[in-house]
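Trainee: Sequence first, predicted model second:
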Amino acid sequence: MVTFDEKTIIRNYEFIYNQRETIEKIADDVCAEGFDLLFFTSSGGSKAMMDPFAHYVNVYSKLPVDSMISADFLLTGCNRLTDKSVAFLTSKSGDTKETIACAEKLREMGVRIVSVCGVANSKLAALSDYTYTYLDGRPQELVFYFIIGKILYNKGYFPQYPDFADNLKNLGAALAKVRIACDEKCKAYAEKYAYEPYNIWIGSGDLWPNAYSYSMCVLEESLWIRTKSVTSAEFFHGTLELVEKDVPVTLVMGEGVTRSQDERVRRFVEPLTDKFTCFDTKDYELEGIKEEYRKYLGPVVMGAILQRIGKNAEVFMNHSLEIRRYYRKSEY
């Protein structure tokens, strides 16, 4: 396997997991102070990483929740926000331009800010009431499983949370094994579709952010592969007309409440193109994780799978994932 170090993957996971109590305290403090809205906002892939958690709050509780891209919020605002609201922002660099401007605006409004950053002593952290710095820790989603899971538990919507969080101790090793199990399929996929002129990527629910962010941040931004992403629900309102025998269509499937939408897409697309691929979290074992908790873990399982496509494509195409022509290279 190219660019794969199982020990490092597990160590990076444990870096975050071992700080579980510290992260949960953020949730406890937020709940103790009270809130009238949980507001998720950031930019690009960082925003997409948080979107499954806004989805979970909406599906599994009656807590008020909203989500906006920071650049939109700067222009339109959000009429549900008050000085009793709590905003969640994340940035790997800690200095993403629109996210920082958003944090400044939220701070002026008196909104409490919880930030998750990849570097210490960042601009975003300095603007935040609470912050967690994950450094080399991965996946970042683990931080939000602890924060949002504990908020839902404190509010009476997720009584299984302590057991769920205990189960997560095993997830780092399980995700490493997922990478091993899917690698051959991902390598073959990368080699088959790396130079296709057009790709369609589809997903739903808590895995729509995976389809959207992977196609945008990896296939488009990092590998310069032309890609259209669309939700399973919206696929039938336009994009279906572009499916032909030689058009690659990739579907990411999870185990949550919207799985039936994905199954509908699969039934329709599979007979129409010779280039259909489905990546399904259900195909992979998660050792040490109870079956009842799998429906919450689709984003990190799929993230592990999709990472292997990128790592293999990087080698096959001789195109580093770090190369950029415009992003943070010029003014825009």
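Mentor: All right, it came through fine. Numbers count the residues shown, from 1 in each chain.

Trainee: Tell me how far Y56 lies from Y161.
Mentor: Y56 sits 12 Å away from Y161, going by C-beta to C-beta, to the nearest Å. For glycine as for every other residue, the C-beta is placed from the backbone atoms N, C-alpha and C.

Trainee: shared neighbours, these two?
Mentor: Counting by C-beta atoms under 8 Å, 6 or more residues apart in numbering, the contacts common to Y56 and Y161 are L152.

Trainee: Who has more neighbours out of these two?
Mentor: Ranked by neighbour count (other C-beta atoms under 10 Å), Y56 and Y161 place Y56 first, with 24 against 20.

Trainee: After the longest helix along the chain, which helix or strand is next?
Mentor: Looking across the chain with DSSP state H, the single longest helix is helix 171-193. Next along the chain after helix 171-193, taking DSSP states H and E as the criterion, comes strand 199-203.

Trainee: who touches that next one?
Mentor: By C-beta under 8 Å, 6+ apart, strand 199-203 touches 193, 209-212, 214-215, 219, 225-232, 235, 239, 242-243, 247-254, 262, 265.

Trainee: before we move on, the earlier item: would you mind extracting the C-alpha trace of the longest helix of the chain into PDB?
Mentor: Provided in PDB are the C-alpha atoms of helix 171-193 (Å, rounded to 0.1, in the frame of the first residue of the first chain):
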ATOM      1  CA  LEU A 171     -12.400   3.200  16.000                       C
ATOM      2  CA  GLY A 172      -8.800   4.300  15.100                       C
ATOM      3  CA  ALA A 173      -7.600   0.700  14.600                       C
ATOM      4  CA  ALA A 174     -10.900  -0.200  12.800                       C
ATOM      5  CA  LEU A 175     -10.400   2.700  10.400                       C
ATOM      6  CA  ALA A 176      -6.900   1.600   9.600                       C
ATOM      7  CA  LYS A 177      -8.300  -1.900   8.800                       C
ATOM      8  CA  VAL A 178     -10.900  -0.300   6.500                       C
ATOM      9  CA  ARG A 179      -8.100   1.400   4.600                       C
ATOM     10  CA  ILE A 180      -6.400  -2.000   4.100                       C
ATOM     11  CA  ALA A 181      -9.600  -3.700   3.100                       C
ATOM     12  CA  CYS A 182     -10.600  -1.100   0.500                       C
ATOM     13  CA  ASP A 183      -7.200  -0.400  -1.000                       C
ATOM     14  CA  GLU A 184      -7.300  -2.700  -4.000                       C
ATOM     15  CA  LYS A 185     -10.700  -1.400  -5.000                       C
ATOM     16  CA  CYS A 186      -9.600   2.200  -4.600                       C
ATOM     17  CA  LYS A 187      -6.300   1.600  -6.500                       C
ATOM     18  CA  ALA A 188      -8.200   0.100  -9.400                       C
ATOM     19  CA  TYR A 189     -10.700   2.900  -9.300                       C
ATOM     20  CA  ALA A 190      -8.000   5.600  -9.400                       C
ATOM     21  CA  GLU A 191      -6.300   4.000 -12.300                       C
ATOM     22  CA  LYS A 192      -9.500   3.500 -14.300                       C
ATOM     23  CA  TYR A 193     -11.000   7.000 -13.800                       C
END
